[in-house]
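Asks: take this sequence and fold it.
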Amino acid sequence: MDSHGTAVTTAPRIRGVGTAVPAFSYTQDELLDIYRIDDERIRSVFHNSAIKRRYLNLPGAGPDGTRYVETQGELVRKHRDSGIDMGARALQACLKDAELTLDAVQYLCCVSSTGFLTPGFSALLIRELGLWHGCGRIDIVGMGCNAGLNGLSAVASWARAHPGQVAVMVCIEACSAAYVVDGTMRTAVVNSLFGDGAAAVALVAGPERTGPGATILKFASCLIPDAIEAMRFDWDDDHGKLSFFLDRDIPYVVGSNAEGIVNRLLDGTGLRRSDIRHWTIHSGGRKVIDSMVVNLGLSRHDVRHTVGVLEDFGNLSSGSFLFSYERLLEEGAINEGDHGVFLTMGPGSTIEAALVRY
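Replies: Numbers count the residues shown, from 1 in each chain. You can find the predicted model right below:
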């Protein structure tokens with residue numbers, strides 16, 4: 001056992017990470033022009049988002065240049081087809097980073113909140129990539145932006161119980177398959193924020209240290225029942241499709257509860273917040289990030305990758321924190337023994353946290 005009570009010989013460690021996005025990206029001004037949005041209130045929402053560019057699978061344009069309005073069935077197909085494409089590429093990039101092959105994968109967890117499929121992405125990716133048919137699998141659906149850490153917890157538990165075997169989590173979010181374009185402020189907030197993307201991590205539990213990846217030490221969760229309706233999917237009868245809702249007070253709700261969950265995460269470890277060298281936080285939006293900074297006493301440097309991912313990709317839902325984690329590794333600023341915190345937030349309202357050691 002180490003000083004944190006973790007069994008070193010079976011501690012799950014991230015061996016590789018990979019990400020993928022669609023082929024096409026758009027600036028906020030390009031999106032406003034594409035959808036011919038003239039309402040100054042909505043334009044200000046896009047311009048004040050702190051987002052420079054997002055990758056999206058948009059529908060084609062008609063003869064007059066107007067974008068085609070997709071039915072719910074077409075959105076489900078977009079979720080499936082683009083999700084398989086992005087998920088497969090992210091998984092392959094992850095295994096390449098880990099110097100592992102497809103036939104090494106023994107367990108697959110797929111996370112998504114932008115559509116519903118049966119069978120789910122885990123079965124579809126096994127078929128698409130020719131993974132082992134006896135691969136254990138689980139699909140985590142509908143938990144929202146926090147779900148990447150819910151999935152990571154399940155994968156870490158499996159890896160800990162199966163030392164030496166490879167477990168993979170893939171977060172697949174085709175957020176453009178959850179858009180409603182109707183000119184209202186409610187949908188404009190969502191449409192100004194989310195982007196499409198997938199991210200994957202490979203975990204292996206064992207005594208060996210290979211590369212700079214994070215060893216998973218501990219998880220903590222916080223559900224805020226009073227805000228359970230603050231982020232949700234509703235069925236829109238007028239448009240015949242699902243429509244996502246974000247309450248304007250979300251940044252303050254999650255921010256006011258962030259300190260408590262981080263304190264609980266560190267309880268019993270001998271660590272203080274000042275001992276955390278690397279903060280990998282969900283790129284939920286400009287106000288969400290600002291709220292985390294204020295309530296956790298962080299610097300702008302602490303959230304540089306969170307801000308950078310928001311600027312370059314928008315909110316990627318469950319996989320956002322892995323895009324930031326990938327950038328942290330690429331930066332090369334990690335020292336062996338550094339501690340870090342992963343932090344995600346989403347519907348419930350929920351905050352998820354993980355303590356890691358590099």
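Asks: how near is residue 151 to residue 325?
Replies: Counting by C-beta to C-beta, to the nearest Å, the gap from residue 151 to residue 325 is 14 Å. Heads up, the C-betas are built off the backbone N, CA and C, glycines and all.
Asks: again but with residue 181, I slipped
Replies: For residue 181, the distance to residue 325 equals 32 Å [C-beta to C-beta].
Asks: cool, and residue 271?
Replies: From residue 271 to residue 325 the distance is 19 Å (C-beta to C-beta).
Asks: those two: which is more packed in?
Replies: The neighbour count for residue 271 versus residue 325, taken as other C-beta atoms under 10 Å, is higher for residue 325 (26 against 18).
Asks: buried sites along the strand or helix carrying residue 30?
Replies: Assigned by DSSP states H and E, residue 30 falls within helix 28-34. For helix 28-34, burial by neighbour count (16 or more other C-beta atoms under 10 Å) applies to 28, 31-32.
Asks: wait, which of the residues you listed is closest to residue 284?
Replies: residue 28 (17.1 Å; C-beta to C-beta).
Asks: so what's the closest one closest to, chain neighbours aside?
Replies: In this structure, residue 28 finds its nearest non-sequential neighbour in residue 46, 4.4 Å apart by C-beta to C-beta, 6 or more residues apart in numbering.
Asks: and the one helix or strand residue 351 maps to, which strands flank it?
Replies: In this assignment (DSSP H and E), residue 351 forms part of strand 350-357. Strand 350-357 sits in its sheet next to strand 215-223 (antiparallel), strand 339-346 (antiparallel), going by DSSP bridges.
Asks: adding mean neighbour count, distance to residue 174 and mean pLDDT, write those strands out as CSV.
Replies: Below are the strands paired with strand 350-357 laid out as CSV (neighbours: other C-beta atoms under 10 Å; distance: least, C-beta to C-beta, whole Å; pLDDT from 0 to 100):
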stretch, mean neighbour count, distance to residue 174, mean pLDDT
strand 215-223, 19, 26, 97
strand 339-346, 25, 17, 97
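Asks: of these, which is nearest residue 52?
Replies: Nearest of the strands paired with strand 350-357 (C-beta to C-beta): strand 339-346, 22.3 Å.
Asks: pull the residues that contact that closest one.
Replies: Under the criterion C-beta atoms under 8 Å, 6 or more residues apart in numbering, residues 113, 143-149, 152, 214, 231, 254, 258, 262, 265, 271, 275-282, 284, 288, 292, 317-318, 320-321, 325, 351-358 lie in contact with strand 339-346.
Asks: ok, now with 6 Å
Replies: If you take C-beta atoms under 6 Å, 6 or more residues apart in numbering as the criterion, strand 339-346 is touched by 144-146, 148-149, 254, 275-276, 278-282, 321, 351-354, 356-357.
Asks: so, low pLDDT: which residues of the stretch 101-250 of the chain?
Replies: Applying pLDDT under 70 to the stretch 101-250 of the chain picks out residues 208-211.
Asks: now the strands: where do they sit in it?
Replies: 105-112, 136-141, 166-173, 197-205, 215-223, 231-236, 241-246 (DSSP state E, counting those that start in this stretch).
Asks: so which of these is nearest residue 42?
Replies: The closest of the strands of the stretch 101-250 of the chain to residue 42 is strand 241-246. By C-beta to C-beta, the value is 14.5 Å.
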